[in-house]
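**Q** Predicted model follows, preceded by the sequence.
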Amino acid sequence: MAQPETAASTDLDEQLCFSLYAASRAMIGCYRPQLDAIGLTYPQYLVMIVLWEREEATVTAIGSALQLETGTLSPLLKRLEAAGFVARRRQESDERSVLVSLSDAGRALRERVPDIQRRVVQATGMSHDQIAELRSVLTELTGSLHEAADPDQPTGIETPTPPRVSAP
């Protein structure tokens, strides 16, 4: 791993945070019209991805997978339920825990996703290998940033966190 540079620039174009912010906004912007066509916002789409993988999950598990707080997730889930894509119910074994499951309409929605994903991949202009490498680097970066923000808190990121590099 490369040593961090010691001289910091204040130029906007040289800020990693701005590059990530701009890329994130562009990616979400690419998804927006396609998700609008199937009745989802981008955050709702992410919730649906978790449910398509698991069929059902607790609110806590969804929040952990998406790195979202329950307070942020609850309104999303309410809207998904109102749209008929999911159902929520309290678990019998623990009434404090809410289980979210896909409805038939939510399952059917999954059939439209591969075409959306194909169009977004095409819009990136990147190969599948380049996308996989970028995703790996971003996952590593996310883990490092979470660890730096709170070294005693587990990150929830499944890939190993890179070794810490001490400054010269």
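**A** That came through, no problem. Numbers count the residues shown, from 1 in each chain.

**Q** For residue 105, give me its contacts.
**A** By CB atoms under 8 Å, 6 or more residues apart in numbering, the residues touching residue 105 are 83-85. The C-beta positions use only the backbone N, C-alpha and C, and glycine is treated the same way.

**Q** ok, and for whichever strand or helix holds it, which residues are buried?
**A** Under the assignment given by DSSP states H and E, the secondary-structure element containing residue 105 is helix 104-109. Under the neighbour-count criterion of 16 or more other CB atoms under 10 Å, helix 104-109 has 106, 109 buried.

**Q** what comes into contact with the following helix or strand past it?
**A** Next in sequence after helix 104-109, counting helices and strands by DSSP H and E, comes helix 113-124. Contacting residues not belonging to helix 113-124 are listed as 27, 30-31, 34-35, 38, 52, 128, 131 [CB under 8 Å, 6+ apart].

**Q** and which of those is nearest to residue 99?
**A** Each of the contacts of helix 113-124 was scored against residue 99 by CB to CB, and residue 52 proved nearest at 15.9 Å.

**Q** Quick one: the strands in this structure, in order.
**A** In chain order, the chain shows strands spanning 56-58, 86-90, 98-102, with DSSP state E as the criterion.

**Q** closest one to residue 152 among those?
**A** Closest among the strands of the chain, once you apply CB to CB, is strand 56-58, at 24.2 Å.

**Q** Figure out how far the helix holding residue 105 is from the centre of its chain.
**A** Centroid separation for helix 104-109 versus its chain: 20 Å, with CA atoms, centre = their mean, to the nearest Å.

**Q** Could you do stretch 62-78 as well?
**A** Remark: stretch 62-78 is offset 11 Å from the chain centroid, using CA atoms, centre = their mean.

**Q** what about this structure, any weak spots by pLDDT?
**A** With pLDDT under 70 as the threshold, the chain has low-confidence stretches at 1-7, 153-168.

**Q** ok so, going back, neighbour count for the contacts of helix 113-124 - can I get that in a markdown table?
**A** What follows is the contacts of helix 113-124, written out as a markdown table (neighbours: other CB atoms under 10 Å):
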| residue | neighbour count |
| --- | --- |
| 27 | 14 |
| 30 | 17 |
| 31 | 19 |
| 34 | 18 |
| 35 | 20 |
| 38 | 14 |
| 52 | 14 |
| 128 | 8 |
| 131 | 13 |
